[in-house]
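Undergrad: requesting a structural model of the entry that follows:
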Amino acid sequence: MEFSTKKIDDVELNTHIVGGVRHRRQVTPRKVLQDLQTFEIRTDDVVVITYPKSGTTWMQEIVSVLRHNCDFQKADQDFMRERFMFLDHQIGNEIAPYIKAKTQPSPRLLKTHLQKHQLPPQIFAKKAKVYMYFTCMKRNTSHQTPTSSPPHHFISLHTVYSFFFQVIFVSRNPKDTAVSYFNFHLGVVDLPKYTWQDFLHSFCIGDVVYGSWFEMNAYWWSQRKQKHVLFVKYEEMHQDLSSVILKVSKFLGWPVPDGKLADIVLHCSFDSMKSNRKVNFSEHPLMNIESYPFMRKGIVGDWIHYFTKTQTEKFDELYEHKMQNTGLQFEYISKTIRV
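TA: A predicted model of the protein is given here:
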């Protein structure tokens, strides 16, 4: 569905297409994507996967705090990009995060925005401990004759698979995602610059960095019942953060200490994180944080300030077409929206 057909001059200059998906030339070179195909996933890895601007950093901070037993000073001792290895992201001549991850102690915290077919294949392998046990069953002897053989015992082998590595996928309604991602492009040095109309068109056809929102979200929504996958909506985090924290805590097996939940909610609130230099990317070399802050509004419903009536109608039609058989629905307006 077309919103615009204008060609953006710097799209081809600053990005390249690998495996049918557009990527940033400067931070996601072809070699990174190739090397990730042999990247080994450990059984106790925690992998946060999202489409960009869907609450990634928010979830990372929650996981970090839980990982360190709700010790905020220890959790924020390092910058977020040092705590979570951003697998598909390399800046300049720095050692690629996926290489650093190979020597990190377990459990490792990993992050990625990659589409399914570009993720390390081991993410989809049933990497698990295997438990085998035997049961002994006696043959039914009620019909035996005096000349029958003695009763036999049968051995039955049972196998139980138990997943250990865990995937947390955070999903955000596509309208707010598009608006936030559009503004993100304005604030990142090496990303193409669009008008809103041109960006929305590219977003809808999946021709933006990291590809199609629809394909990524449809896939992980289909995996939500897998025991090693937790599917969380950004809107849930916005509406009831404490419930989401408890859900993540239970999923990871990292309990919230008694009396600490309210403190975690405050620490992981949008306003707190926006002022936290260890998570707000204010010192990131590729971010123009003064003009376009990495953490902008943190609300549900900002799309209403960008989408025209015609754009809204066309987008709704597109969503129904792309996601008609998934059952994935979102809250698009929040009662607590801040203008």
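
Undergrad: can you map out the strands along the stretch 1-150 of the chain?
TA: When secondary structure is read from DSSP state E, counting those that start in this stretch, the stretch 1-150 of the chain shows strands at 15-18, 21-24, 46-50, 85-86, 109-112, 128-138.

Undergrad: with the stretch 201-339 of the chain instead?
TA: Per DSSP E, counting those that start in this stretch, the stretch 201-339 of the chain carries strands over the ranges 229-233.

Undergrad: what residue ranges in it score low on pLDDT?
TA: Within the stretch 201-339 of the chain, the segments meeting pLDDT under 70 span 274-298, 335-339.

Undergrad: got phi/psi on the closest residue in space to residue 11 that isn't next to it in sequence?
TA: Excluding the flanking residues, the one nearest residue 11 by CB to CB, 6 or more residues apart in numbering is residue 192, at 4.5 Å. Where you see a C-beta, it was placed from the backbone N, CA and C, and this is true even at glycine. Main-chain torsions, residue 192, degrees, to the nearest 10: phi -60, psi 150.

Undergrad: quick check: residue 192 touching residue 185?
TA: Yes - proximity of residue 192 to residue 185 meets the contact threshold set by CB atoms under 8 Å, at 6.4 Å.

Undergrad: between the two, which one's more packed in?
TA: When residue 192 is set against residue 185 and neighbours are counted by other CB atoms under 10 Å, the residue ahead is residue 192, at 21 against 18.

Undergrad: and residue 313, how far is that from residue 325?
TA: In this structure, residue 313 lies at 21 Å from residue 325, with CB to CB, to the nearest Å as the measure.

Undergrad: more neighbours: those two, which one.
TA: Here residue 313 and residue 325 are compared on neighbour count by other CB under 10 Å; more neighbours surround residue 313, at 11 against 8.

Undergrad: could you check how far the more buried one is from residue 202?
TA: Distance check for residue 313 against residue 202: by CB to CB, it reads 19 Å.

Undergrad: any weak-confidence spans in the stretch 1-150 of the chain?
TA: Counting by pLDDT under 70, the low-confidence segments of the stretch 1-150 of the chain come to 1-10, 75, 126-150.

Undergrad: go with 50
TA: 5-7, 127-132 (pLDDT under 50).
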